[in-house]
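Trainee: Predicted coordinates and the sequence they were generated for:
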Amino acid sequence: MTIGVLKEPSEETRVSFLPETVIALTKKGITVYVESGAGEKAFHNDEDYVKAGATIKSREEVLQSADILVAIHPFADAVKLTSKILIGVYQPLFNVPLMQQWAKQGLTTFSLDMLPRTTRAQSMDVLSSQANIAGYKAVLLAANSYSRYFPMFMTAAGSIAPAKVLILGAGVAGLQAIATARRLGAVVEVFDTRPAVKEEVMSLGAKFIEVEGAADASKAGGYAVEQSADYQQRQQQRIAESIAKADIVITTAQIPGKKAPILITEEMMQAMRKGSVIIDLAAATGGNTPVTKNNQTVLYKGVHIVGDSNLAATMPSDASKLYGKNLLNFLQLIIDKEGNLNLNWNDDLVKGGCITFNGEVTNERVK
């Protein structure tokens, strides 16, 4: 069995495997080919990979000679391939035409962002491992962009009130943002459509904003669901009250396969005081404000809206380490102890993560 590690697009700093993961693979008798320069932005050169037991090859050589290709993002030259296994984070619900094309080519595709969010899948949950970093960096980015202190200060020149932070969404990114903001001394309020997260939010020292009547998300496999128009109206009223008092807002709300919901209207932003900051982690799918632009900072009537859906890439070493561990754990489901491919379709994680196989799109949600 041969696994090929591809270099990511120029804007991506992460890599699927660091040398430490290559060591774990080679111990299982798996041959690892690494595209030259694949790990440089994560601070690992080709020599590091060679010491770990990998073979450095050109991109064309890796594409042609590896049985399994690992790349975080979809890559254009996959159009040249047939009968390969691709594993990454391909957002298939947004990239349906691409998935259909890969199916026609006879490619077997696994997208780790589609794994069922069960207890057994936690060690492979790339969304959580990367969102944890995003939540942490979102607060640091906000603190850097904000024109005032985060903690309370009492000085001879006068007292400084602590920053008021509002976090919309208490998933993995939101919970890490709460913890980080609290460490920096901010007062934190949190909104989430799931009442079940209230206890976690409060245990981190934040106040939970409740809006009754949320749609049941218990059957959505751990993902968010769309809410009714009535609920959305009441939700916006409560958010508007909190936003008017907030200095920092961090938004994380996304729904798989759909445009991110608008949680912060222009009217709400106009009520915020000048110098306030919004960090929008849903920017890649449209953003949680109507003026968000991905990978840009927009100044709207004195409020900075920072759109960045890939904050994990600002910490490429740890992000790659965690992603690689998630991927390694998934590979153990499809490669047996002798290092041979073993696709067990009775395994809910193998079946749930598979998008294309045998010339067809197999994932029901993508269909």
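Mentor: Okay, I see it. Numbering: from 1, shown residues only.

Trainee: How many residues are close by Lys259?
Mentor: 12 (other CB atoms under 10 Å). For the C-beta atoms, the positions are set from N, CA and C on the backbone; glycine is no exception.

Trainee: same deal with Tyr136?
Mentor: With other CB under 10 Å as criterion, Tyr136 counts 20.

Trainee: ok, it to Val172 distance?
Mentor: 11 Å (CB to CB, to the nearest Å).

Trainee: And for Asp280?
Mentor: 17 Å.

Trainee: quick one: contacts for Pro9?
Mentor: By CB atoms under 8 Å, 6 or more residues apart in numbering, Pro9 lies in contact with 73, 75.

Trainee: The same query, at a cut-off of 10 Å, please.
Mentor: 71-76 (CB atoms under 10 Å, 6 or more residues apart in numbering).

Trainee: Max pairwise distance over these: which two?
Mentor: Spanning the widest gap among the contacts of Pro9 are Ile72 and Ala76, at 14.3 Å by CB to CB.

Trainee: Comparing those two, which shows the higher neighbour count?
Mentor: Per other CB under 10 Å, whichever of Ile72 and Ala76 has more neighbours is Ile72, with 25 against 8.

Trainee: which SSE is Leu328 in?
Mentor: Leu328 is part of helix 316-334 when elements are defined by DSSP states H and E.

Trainee: after that helix comes which helix or strand?
Mentor: helix 348-353.

Trainee: Counting neighbours, which bits of the worst-scoring helix or strand of the chain on mean pLDDT end up buried?
Mentor: The helix or strand of the chain with the poorest confidence is helix 229-243; it has a mean of 84 (mean pLDDT, DSSP states H and E). By neighbour count with 16 or more other CB atoms under 10 Å, helix 229-243 contains the buried residues 231-232, 235-236, 239, 242-243.

Trainee: Equivalent analysis for stretch 323-330, please.
Mentor: 323-328, 330.

Trainee: Closest to Gly185 out of those?
Mentor: Tyr323 (31.2 Å).

Trainee: so what's that closest one up against?
Mentor: Counted by CB under 10 Å, 6+ apart, Tyr323 has contacts 14-18, 21, 42, 70, 72, 88-89, 112, 126, 129-130, 133, 312, 316.

Trainee: Please repeat the previous calculation with a cut-off of 7 Å.
Mentor: Applying CB atoms under 7 Å, 6 or more residues apart in numbering, we find Tyr323 in contact with 14, 16, 72, 126, 129-130.

Trainee: now the helix or strand containing Leu86, how far from the centre of its chain.
Mentor: Element membership for Leu86 (DSSP H and E) is strand 85-88. Computed by CA atoms, centre = their mean, to the nearest Å, the chain-centroid distance of strand 85-88 equals 17 Å.

Trainee: Now do the helices in the chain.
Mentor: All helices of the chain, identified by DSSP state H, fall at 19-27, 46-52, 59-65, 96-104, 126-145, 172-183, 198-203, 229-243, 266-271, 316-334, 348-353.

Trainee: in the stretch 151-300 of the chain, which segments are predicted with low confidence?
Mentor: The stretch 151-300 of the chain contains residues with pLDDT under 70 at 213-227.

Trainee: Tell me, how many residues neighbour the residue lying closest to Asn342 once chain neighbours are set aside?
Mentor: Spatially, and ignoring its direct neighbours in sequence, Asn342 is nearest to Asp336 (4.4 Å; CB to CB, 6 or more residues apart in numbering). Using other CB under 10 Å, Asp336 has 13 neighbouring residues.

Trainee: I'd say Asn363 and Ile355 touch.
Mentor: Yes - here Asn363 reaches Ile355: they are 4.8 Å apart, a contact under CB atoms under 7 Å.

Trainee: So for those two, which residues contact both of them?
Mentor: With CB under 7 Å, 6+ apart, Asn363 and Ile355 have common neighbours 92, 114.

Trainee: ok, these two, which is more surrounded?
Mentor: Legend: neighbour count by other CB under 10 Å for Asn363 and Ile355, higher for Ile355 (27 against 21).

Trainee: who touches that one in this structure?
Mentor: 90, 92, 99, 109-111, 114, 361-363, 366.

Trainee: do the same with Leu333
Mentor: Taking CB under 7 Å, 6+ apart, we find Leu333 in contact with 347, 349-350.

Trainee: Out of these, grab the one that's most surrounded.
Mentor: Leu349 (20 neighbours).

Trainee: pLDDT value on that residue, please?
Mentor: Leu349 is assigned a predicted lDDT (pLDDT) of 97.

Trainee: From Pro9, how far off is it?
Mentor: From Leu349 to Pro9 the distance is 27 Å (CB to CB).

Trainee: just Phe110 next, same as before
Mentor: 20 Å.

Trainee: First-to-last residue distance for stretch 60-77?
Mentor: Stretch 60-77 has an end-to-end distance of 9 Å (criterion: CA to CA, to the nearest Å).

Trainee: likewise stretch 73-86?
Mentor: End-to-end for stretch 73-86, by CA to CA: 10 Å.

Trainee: From the chain's centre, how far out is it? Work that out for me.
Mentor: Taking mean C-alpha positions (CA atoms, centre = their mean), stretch 73-86 and its chain are 22 Å apart.

Trainee: got the buried residues for it?
Mentor: 74-75, 78, 81, 84-86.

Trainee: do stretch 35-55 as well
Mentor: 35-36, 38-39, 41-42, 44, 46, 48-49, 52-54.

Trainee: Now tell me what touches it from outside.
Mentor: Counting by CB under 7 Å, 6+ apart, 5-7, 13-15, 18-19, 22-23, 26, 32-34, 56-59, 62, 316-317, 320 sit against stretch 35-55.
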